[in-house]
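Asker: 3D, please:
(one chain, ligands or ions: 1)
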Amino acid sequence: MKVIIASDHAGLELRRELVNVLKELRAEVDDVGPTTNASVDYPDFAKQVCWAVAAGDYTFGVLVCGTGIGMSITANKYRGIRAALCTSEFEARMTRAHNDANVLCLGQRVVGGGLARSILEAFLSTPFEGGRHQKRLDKIREAESENGR
Ligand SMILES: O=C(CO)[C@H](O)[C@H](O)COP(=O)(O)O
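Answerer: Just a heads-up that it's a prediction; the model follows:
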């Protein structure tokens with residue numbers, strides 16, 4: 001499993017913890033920063049992860065900011081990205097099983113390291129159920145082509 005992860009300055013510490021978790025889980029992980037906690041703009045980091053996931057280079061992306069909200073808003077602007085902001089293991093399982101989410105968003109100012117770890121593990125280990133959920137994903141794809149018109 002290949003995972004690409006990024007944060008902004010407000011998500012840097014949690015991102016570093018999650019990189020270690022991903023390595024423990026034997027995922028192949030690419031960490032695209034940032035490397036210092038100088039203030040940065042989360043859309044710049046979301047963009048790198050979303051392009052790479054949408055291109056099929058990674059199984060999943062993980063994005064961390066202060067709340068996870070800015071990252072999730074940005075990520076869902078990219079075609080082919082289904083980003084889910086999760087604050088519980090239940091949400092993580094459901095968004096994989098029902099939405100086939102491919103990007104997990106987390107808020108360092110919202111969830112602690114232990115909870116974030118269990119959210120990440122649930123996200124990575126839950127398969128998409130397909131079936132009735134597939135036609136709903138097809139409708140999301142249609143909505144992407146309509147692009148709001
Ligand atoms: O959560 C976020 C976006 O949703 C950002 O991490 C947050 O807005 C950064 O705030 P600041 O520049 O005050 O550290």
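Asker: okay, CA-based contacts and neighbour counts for the rest of this
Answerer: Will do.
Asker: what's the burial count for Arg117?
Answerer: Arg117: 18 surrounding residues under other Cα atoms under 10 Å.
Asker: what does the pLDDT read for it?
Answerer: Arg117 carries a pLDDT value of 98.
Asker: do a quick rundown of the helices in this structure.
Answerer: 12-24, 42-54, 69-75, 89-97, 113-125, 132-146 (DSSP state H).
Asker: does the shortest one come close to the ligand?
Answerer: Okay, so that is helix 69-75. Yes - using Cα under 6 Å from any ligand atom, helix 69-75 reaches the ligand at Ile69, Gly70.
Asker: buried residues in that helix?
Answerer: Buried positions in helix 69-75, judged by neighbour count with 16 or more other Cα atoms under 10 Å: Ile69, Gly70, Met71, Ser72, Ile73, Thr74, Ala75.
Asker: between these, which is nearest the ligand?
Answerer: Taking Cα to the nearest ligand atom as the measure, the ligand lies nearest Gly70 of the buried residues of helix 69-75, at 3.3 Å.
Asker: surely the closest one and Phe45 touch.
Answerer: No - judged on Cα atoms under 8 Å, Gly70 makes no contact with Phe45 at a distance of 11.0 Å.
Asker: and this structure, which of its residues are near the ligand?
Answerer: Residues of the chain lying near the ligand (Cα under 6 Å from any ligand atom): Ala10, Cys65, Gly66, Thr67, Gly68, Ile69, Gly70.
Asker: give me that answer again for 5 Å
Answerer: Contacts of the chain with the ligand, taken as Cα under 5 Å from any ligand atom, map to Ala10, Cys65, Gly66, Thr67, Ile69, Gly70.
Asker: redo those residues as a markdown table? Include pLDDT.
Answerer: Formatted as a markdown table, the residues of the chain next to the ligand follow (pLDDT from 0 to 100):
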| residue | pLDDT |
| --- | --- |
| Ala10 | 98 |
| Cys65 | 98 |
| Gly66 | 98 |
| Thr67 | 98 |
| Ile69 | 98 |
| Gly70 | 98 |
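Asker: quick one: which of those residues is nearest Ala83?
Answerer: Minimum distance to Ala83 across the residues of the chain next to the ligand is 10.4 Å, recorded for Ile69 (Cα to Cα).
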